[in-house]
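# My questions are about this predicted structure, shown below with the sequence.
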Amino acid sequence: MNRPSAPLPRHARFVRVTHWLTAAAFFALLVSGVEVLLSHPRFYWGEVGNVNMTPLFSLPVPSSRGTVDTGYGYVLPDQNGWSRYLHFQAAWLLLFTGLVYVIRGARTGHFRRNLVPGRAERSWRSLGASLVAHLRFSASALGEPDSYNALQRLSYLLVVFVLFPLVIWTGLAMAPAFTGMFPWTVTILGGRQTARTLHFFVTIALVLFTLVHVVMVMIAGFWTRTRAMIAGTREVSQ
């Protein structure tokens, strides 16, 4: 007969706090970003883009601006005021939370210990097995409850050190006040409209990652994994 379960450490406090703050900030950014996008659902490449130019591509959605011809016979309510304010505030929360996570994670060895794949996990066989499990939406894709598999580790490193920095950089590159002080941040990207287009695609990548992440957590045991990210421990039978 199993004894009552005993809690074992799983997630450090700074990981849990920054995880939930990042989740809240990202949700606010996504909701407000959609509202901002509806004011002009067209994308361009370069520095300039307006209704008199041929877009690189357009989203098949109505606009909240009557001057933007989207082919629909109506205009959505303009929510540009609150959405821009919320977007900027949530962006600063995401930036500072990310900095705390990266600095703290580097100082405590969190990345080396939990996210950098070990030598055995760097093989193509290990990565292939993890990928197949994920594509099958198998519970084994999440690995053991107290660790991550090779694909998870690489995915989290990609999100933390590539996608989130890119979404913050491209977002700042659209802010005139910021680019006025640091013009190279938008020049390197090729222009403000290029930054906006890249910002959109990086956001789509982050949304897809989030959806897969949530689905896999639900398959592996939603309450168990969520409780570990809230309380910082997991329970095992003795």
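Right, received. Where do you want to start?

# what stretches of this protein score poorly on pLDDT?
1-9, 119-147, 234-238 (pLDDT under 70).

# Show me which helix runs longest in this structure.
When the chain is parsed with DSSP state H, its longest helix is helix 192-231.

# Off-centre distance for that one?
6 Å (CA atoms, centre = their mean, to the nearest Å).

# same deal with stretch 19-35?
9 Å.

# how about it: buried residues?
21-22, 25-26, 28-29, 32-33, 35 (16 or more other CB atoms under 10 Å). (C-beta placed from N, C-alpha, C; glycine too.)

# for these, which one is nearest Leu154?
Nearest to Leu154 among these: Thr22, at 18.9 Å, using CB to CB.

# For the longest helix of the chain, which helices and strands make contact with it?
helix 13-37, strand 42-43, helix 164-172, strand 233-236 (3 or more CB pairs under 8 Å, 6 or more residues apart in numbering; DSSP states H and E).

# So for His87, which of the ones you listed sits nearest?
The stretch from the helices and strands packed on helix 192-231 with the least distance to His87 (CB to CB) is helix 13-37; that distance is 4.0 Å.

# now that closest one and helix 192-231, what's the angle there?
Helix 13-37 and helix 192-231 are oriented at 140 degrees to each other (axes from the mean of the first three to the mean of the last three CA atoms, to 10 degrees).

# ok, back up a step: okay, the angle between the longest helix of the chain and helix 164-172?
Using the same axes, to 10 degrees: helix 192-231 against helix 164-172 is 130 degrees.

# Would you mark the buried spots in helix 192-231?
Those would be 192-200, 202-203, 206, 216-217, 220, 225, 227-229, for helix 192-231 by 16+ other CB under 10 Å.

# wait, what's in contact with the residue positioned nearest the centre of the chain?
Residue closest to the mean C-alpha point of the chain, counted by CA atoms, centre = their mean, is Leu206 at 3.8 Å. Counting by CB atoms under 8 Å, 6 or more residues apart in numbering, Leu206 touches 26, 159, 163-164, 167.

# try 7 Å this time
163, 167 (CB atoms under 7 Å, 6 or more residues apart in numbering).

# how close does it sit to Val75?
29 Å (CB to CB, to the nearest Å).

# any idea how far Gly46 is from the closest residue to Ala90 other than its chain neighbours?
Leaving aside its sequence neighbours, Ala90 sits nearest to Ala28 (CB to CB, 6 or more residues apart in numbering; 3.8 Å). Plainly put, Ala28 is 30 Å away from Gly46 if you go by CB to CB.

# hmm, back to that, possible to save the helices and strands packed on helix 192-231 as JSON lines with distance to Arg84?
Shown next, in JSON lines, are the helices and strands packed on helix 192-231 (distance: least, CB to CB, whole Å):
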{"stretch": "helix 13-37", "distance to Arg84": "6"}
{"stretch": "strand 42-43", "distance to Arg84": "18"}
{"stretch": "helix 164-172", "distance to Arg84": "12"}
{"stretch": "strand 233-236", "distance to Arg84": "40"}
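
# so which of these gets nearest Thr187?
Per CB to CB, nearest to Thr187 of the helices and strands packed on helix 192-231: helix 164-172, 12.5 Å.

# Might one say that Ala195 is in contact with Ala173?
Yes: look at Ala195 against Ala173 with CB atoms under 7 Å: they come within range, at 3.7 Å.

# did I read that right, Asn50 in a strand?
No: secondary structure of Asn50 (DSSP: H, G, I helix; E, B strand; the rest coil): coil, not part of a strand.

# what about it, how many neighbours?
Asn50 has 12 neighbouring residues, counting by other CB atoms under 10 Å.

# next one: Thr108
14.

# what sits against it?
Shown in contact with Thr108 (CB under 7 Å, 6+ apart): Ala12.
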